[in-house]
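Engineer: Below are the sequence and a predicted model for it; my questions follow.
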Amino acid sequence: MFLQFHRQAEEMLREALQGLGHPQVSPSLEMSPHADLASRAAFRLDPKNPAQGAQTLARGIKPGGWMGSAEPRGPYVNLSLAPGFYPEALRAILREGPRFGSLPPAPLVILEHTSANPDGPLHIGHLRNAVLGDTLARVLRRAGHPVEVHYYVNDMGRQMGALVWGLRQGLKPDPQKKPDDAIAEVYIQANRLLEADPGRQAEVRGLLLRYERQDPQLVREFREAVETCLRGIHQTLKRLGAAHDRVVWESHFVLPPELGGQGGKTAEIVSRLSSMPIARQGSDGSLSLDLTGDGIKKEMVLIRSDGTTLYGARDLAYHEWKAQTTPHQVNVLGADHKLHAAQMAAVLRRLHLPVPETLIFEFVNLPEGSMSTRAGTYISADDLLDKVEMEALRQVQQRRTEMDPGFHRRVARAVATGAVRYEMARVSPEKGITFDWKQALDFEKQSAPFLIYSHARACSILHKSGGAPAEFDPAKLTGERERRLIKKLSMLDYWIDASARQYRPHLLAHYAKELAEEFNQFYRDVPVLQAPPGTREARLALVEASRIVLANTLETLGIEPLAEM
RNA sequence: GGGCGUGUGGCCAAGACUGGACUACGGCGACAGCCUUCUAAGCUGUACAUCGGGGGUUCGAAUCCCCCCACGCCCGCCA
């Protein structure tokens, strides 16, 4: 609802500015502690006398819609919500329930995230990708987009070659272990063998070549290895609450139909590119693209001299294939993919294909340095989830001694996945993270348990009262705390819109925290169950509305809104 | 060496794209309080920052520009 107010304010300011002969001046709206929204536009009108400009501008804005008033205050124009906004916001929340905060239908989006190499378990770096990707998928869905979420499996790369090579040396995945952990052991061991005897790298290249040349035996072996690892990875993703609609293998764009692919797509796009002026044919049979015209100094190599394709070539085919479904694509990628993303964008543009949006996030490093699956220096996502869950269990057992073990377990699970997700989602993606166990296991404020707890408090009041009232008088809700809370509740759509348009889920995470704070302050200051008749019903309705908005926000962040904890 | 990103109180971190009420949102930690009223995983208060350093643009800079420093990532016929 607040989004509507914001848009109306923007529109009215534009018209007023136009009327004053300044159509080029931006409305410059901002959230303000002094008003429901404020405009700084007067600074642009006449920098010498902004106060004068603010007065003139304010006069040009007439109450109407959700606009209550426009008051000049120094150089600012302070905008207030119409009194009717508050009761209507409350009714809208109660009426729309789980749908509140959703935006009108928007185009289909294909979103690719996580897509970790199937050579080991997800580590805490992949976890950032998964949380960012899954949260963004949820945000986009609430913003009206149908979303098809893809996991793009890199099954044709060097890493997989080394893994299959290791298996052929007789290394066996330990059946007692989680499949992705077992695969990691083989992969690490295979790399040790290869480092000890670098001459055998040629054998890995040979396997890759035979896989790409569609040797059915190799196709079986690669598939078996990849699927084993993927089973484990998907267990972890499921535990996180992150679901993919579709798993797309790279080899799909290389192998023929009888081997599970749709054949030739990569060859086709490569052949099209090879006739473009930017193509550079090596005398050895390799093919690369010169992208200096796009401001990219580094050539993009598509074909090795042995004729096999590189990741970039297959990725181009994948993007062309996606474009048949929708031009709106989003890729969630680690910062190490920046160059690749820029090269992809340049080539797709030259092919007149849709260019994907990217959400690029910086690395998660350990205090002792960066993680590597090959070297075995990583903290797995499972390990983190396990430890956080143990700590959550310890705390809930301590706090709720009267409850049974099943309750403790349920709460600990929800708290743990929520805590891990929130911790990853709340930091802006361009910041690097140095992982810290102490911080990961800290459940104070600014963390998911705080958000879940606020929701549980609302549920508790409703439980004790026997539910929300059918009838109530919103006019009873005129206190400062109540109005502030309603306003905050109404802002969900504004933050969904902002997060979705900027591909920045942390904006919503930030809102969630502010919403929970506002509710907790209301909880402290405003008695509900003990309020006089009439007031009590109205406040109960407000608690129910709070419960709904908290639940919707948490759901969008992938955090389970427990009714009790 | 070049490119991209980051640098905000002891620690974590919002604000930076759209310069302006910033007297910089919060959290952790510290200190002092609040459970005879709806779950204290909560709430209140105090102390602690001039926003890496320097220069510039501007009436006005955490925010824009330039230089420098530190850290991360990339600069593979890896993905």
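Structural biologist: Nice, I can see it. Since the model is a prediction, treat every value here as computed from it, not as a measurement.
Engineer: which ones are touching the closest residue to A:Pro429 other than its chain neighbours?
Structural biologist: The shortest distance from A:Pro429 to any residue that is not its chain neighbour, by C-beta to C-beta, 6 or more residues apart in numbering, is 3.9 Å, and that residue is A:Phe361. Using the backbone N, CA and C atoms, a C-beta is placed for each residue, glycine as well. For A:Phe361, the contacting residues are A:Arg128, A:Asn129, A:Leu132, A:Val332, A:Leu333, A:Gly334, A:Ala335, A:Pro429, A:Glu430, by C-beta atoms under 8 Å, 6 or more residues apart in numbering.
Engineer: Quantify the burial of A:Leu492 by counting its neighbouring residues.
Structural biologist: The local packing count at A:Leu492 equals 27, with neighbours defined by other C-beta atoms under 10 Å.
Engineer: check contacts around it.
Structural biologist: When contacts are taken as C-beta under 8 Å, 6+ apart, A:Leu492 is in contact with A:Phe2, A:Phe100, A:Gly101, A:Tyr511, A:Leu515, A:Val549, A:Asn552, A:Thr553.
Engineer: Can you report how many residues neighbour the fourth one?
Structural biologist: To tie it back to what came earlier, the one meant is A:Tyr511. Using other C-beta under 10 Å: A:Tyr511 sits among 20 other residues.
Engineer: So which bits of the helix or strand that contains it are buried?
Structural biologist: Counting by DSSP states H and E, the element that carries A:Tyr511 is helix A:506-525. With burial defined by 16 or more other C-beta atoms under 10 Å, the residues of helix A:506-525 counted as buried are A:506-513, A:515-519, A:522-523.
Engineer: same thing with stretch A:330-349?
Structural biologist: A:330-334, A:340-348.
Engineer: just the residues you listed that are near RNA strand B?
Structural biologist: Judged by C-beta under 7 Å from any atom of the strand, the overlap between the buried residues of stretch A:330-349 and the neighbourhood of RNA strand B comprises A:His340.
Engineer: Going by distance to A:Asp174, which of the buried residues of stretch A:330-349 wins?
Structural biologist: Sorting the buried residues of stretch A:330-349 by distance to A:Asp174 puts A:Gly334 at the head of the list, at 28.7 Å, by C-beta to C-beta.
Engineer: Specify the beta-bridge partners of the closest one.
Structural biologist: Taking DSSP bridges as the rule, A:Gly334 bridges to A:Phe361.
Engineer: Apart from its neighbours in sequence, what residue is nearest the residue in chain A that RNA strand B sits nearest to?
Structural biologist: In chain A, the residue that lies nearest RNA strand B is A:Gly157 (2.2 Å; C-beta to the nearest atom of the strand). With C-beta to C-beta, 6+ apart as the criterion, A:Gly157 has its nearest non-adjacent residue at 6.3 Å, and that residue is A:Tyr311.
Engineer: Ok, A:Asp46 next?
Structural biologist: A:Gly53 (5.0 Å).
Engineer: Also A:Asp493?
Structural biologist: Setting aside the residues directly before and after it, A:Asp493 is nearest to A:Leu3 in space (C-beta to C-beta, 6+ apart), at 4.2 Å.
Engineer: tell me which parts of the stretch 451-565 of chain A are close to RNA strand B?
Structural biologist: Taking C-beta under 7 Å from any atom of the strand as the criterion, the contact residues of the stretch 451-565 of chain A with RNA strand B come out as A:453, A:456-457, A:459-461, A:464, A:502, A:506-507, A:510, A:513, A:516-517, A:520-521, A:523-524, A:526-530, A:562-565.
Engineer: What is the distance between the longest helix that chain A contains and the centre of its chain?
Structural biologist: The single longest helix within chain A, with elements called by DSSP state H, is helix A:216-240. Helix A:216-240 has its average C-alpha position 24 Å from the chain's average C-alpha position, going by C-alpha atoms, centre = their mean, to the nearest Å.
Engineer: in that helix, what's buried?
Structural biologist: Using 16+ other C-beta under 10 Å as the test for burial, helix A:216-240 gives A:218-219, A:221-223, A:225-226, A:228-230, A:232-237, A:239-240.
Engineer: ditto for stretch A:241-250
Structural biologist: In terms of neighbour count (16+ other C-beta under 10 Å), stretch A:241-250 has its buried residues at A:Gly241, A:Ala242, A:His244, A:Val247, A:Val248, A:Trp249, A:Glu250.
Engineer: Which residues does it contact?
Structural biologist: A:114, A:130-131, A:133-134, A:147-157, A:226, A:230, A:234, A:237, A:260-261, A:311, A:314-315, A:318, A:417, A:421, A:558, A:560.
Engineer: same deal with stretch A:331-349?
Structural biologist: Here stretch A:331-349 makes contact (C-beta under 8 Å, 6+ apart) with A:111-114, A:125, A:129, A:132-133, A:136, A:273, A:289, A:291, A:294, A:296, A:298, A:300, A:311-312, A:315-316, A:319, A:354-363.
Engineer: how does it look with 6 Å?
Structural biologist: Stretch A:331-349 has contacts (C-beta atoms under 6 Å, 6 or more residues apart in numbering) with A:112-113, A:129, A:132-133, A:291, A:294, A:296, A:300, A:319, A:355-356, A:358-360, A:362-363.
Engineer: One more: stretch A:233-240?
Structural biologist: Under the criterion C-beta under 6 Å, 6+ apart, external residues in contact with stretch A:233-240 comprise A:Leu122, A:Asp180, A:Ala381, A:Asp382, A:Thr417.
Engineer: Number of residues surrounding the first one?
Structural biologist: By the criterion of other C-beta under 10 Å, A:Leu122 has 26 neighbours.
Engineer: which residue ranges form the strands in chain A?
Structural biologist: Ranges of strands within chain A are A:29-32, A:35-39, A:67-73, A:76-81, A:109-112, A:147-153, A:246-249, A:279-281, A:287-289, A:300-303, A:329-334, A:357-361, A:364-365, A:433-434, based on DSSP state E.
Engineer: Among those, which comes closest to A:Gly479?
Structural biologist: A:Gly479 lies closest, by C-beta to C-beta, to one member of the strands of chain A: strand A:76-81, at 15.8 Å.
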